[in-house]
Every structure is written in C-alpha cells, then in structure tokens.
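Q: Provided below are the primary sequence and the corresponding predicted coordinates.
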Amino acid sequence: MTPDSISGVNLEGVSAAIPVATFGIPQDAQAWSEWAAKHRVKVVIDAAAAYGAQKVFPGVSAAFSLHATKPLCSAEGGFVMTTDEEHAAELKRLSGFGLPSSEGLVGRP
C-alpha cells in the first residue's frame, strides 16, 4: 500500500493507515507524512523487518519487531519509532500491560 494506491478511497471513519515495509523494503515516510497531514489520518508503518532502513516523519510512526527472524533480534519484543511526543507518551503508558502506572515499563529501574 502506498499513498498513491489508496488515492480516492473513502476515508470516512478511518483513524489510521498501516502500510507494510514488505521484506524490509522501507515505505516512503515523507510521502506518507504528506498524506497523513492532508487526510488527518495517523500512519503507523509495519516495519517489522526494516530495522535500519525505515525512516519516520511527522504524522508517521514505525513499529519494528525484535523476533529471532528479524534483522535485529532479541528473541522477542519490538519498539516503535516516532517524532510525535504525544504518541510516544501514549505508547509508553500502554507498555505496562494494563497495569496502573503512568510510566509503563519503559524507564523503570
């Protein structure tokens, strides 16, 4: 999926687009950033295998996998890269597996 491939699609009720960096081939984050600003839709790139290749721009985040089959592995887990401080804070809050903590698991000793 690219911004061009979904031009003309009815986006009513759409809050996010999730393009995939298939086989680790990065998505055009700048084009997605422009698309996100134009349509007021968040973009989260599934960059599971694109560690070291995928960029982010305003309005675009990327989620990476650390599974054993990916370029950067730690057996399991993952991380999200974003330029949006509010999105980063929300992700940090959600990282606590539903536990009541404003810090999530990130940053804990």
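A: The structure has been received and is ready for your questions. Note that the structure is a prediction, hence the values are computed from the model and not measured. Numbering: from 1, shown residues only.

Q: Show me which positions of the worst-scoring helix or strand of the chain on mean pLDDT end up buried.
A: Across the helices and strands of the chain, the lowest-confidence element by mean pLDDT, DSSP states H and E is helix 85-94, at a mean of 80. Buried positions in helix 85-94, judged by neighbour count with 16 or more other Cβ atoms under 10 Å: 91, 92. The C-beta positions use only the backbone N, C-alpha and C, and glycine is treated the same way.

Q: Also stretch 72-89?
A: Buried, per 16+ other Cβ under 10 Å, within stretch 72-89: 80, 81, 82.

Q: Please flag which of the residues you listed sit within helices.
A: Members of the buried residues of stretch 72-89 lying in helices (criterion: DSSP state H): none.

Q: Would you mind giving those as TSV with distance to residue 54 and pLDDT added?
A: Formatted as TSV, the buried residues of stretch 72-89 follow (distance: Cβ to Cβ, whole Å; pLDDT from 0 to 100):
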residue	distance to residue 54	pLDDT
80	11	87
81	8	90
82	12	91
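
Q: can you list the residues you listed in a markdown table and add distance to residue 7?
A: Output for the buried residues of stretch 72-89, formatted as a markdown table (distance: Cβ to Cβ, whole Å):
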| residue | distance to residue 7 |
| --- | --- |
| 80 | 27 |
| 81 | 26 |
| 82 | 25 |
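
Q: Mind checking which of the residues you listed are in strands?
A: 80, 81 (DSSP state E).

Q: Please report the distance of the residue most central in space within the chain from residue 26.
A: Residue closest to the average C-alpha location in the chain (Cα atoms, centre = their mean): residue 62, at 2.7 Å. Residue 62 sits 9 Å away from residue 26, going by Cβ to Cβ, to the nearest Å.

Q: The residue nearest to the centre of the chain reaches residue 81, doesn't it?
A: Yes. Between residue 62 and residue 81 there is a contact under Cβ atoms under 8 Å: 4.9 Å.

Q: what is in contact with those two at once?
A: 47, 54, 56 (Cβ atoms under 8 Å, 6 or more residues apart in numbering).

Q: Run through the residues that contact the last one.
A: Residue 56 makes contacts with 29, 45, 62, 81, 82, 83, as judged by Cβ under 8 Å, 6+ apart.
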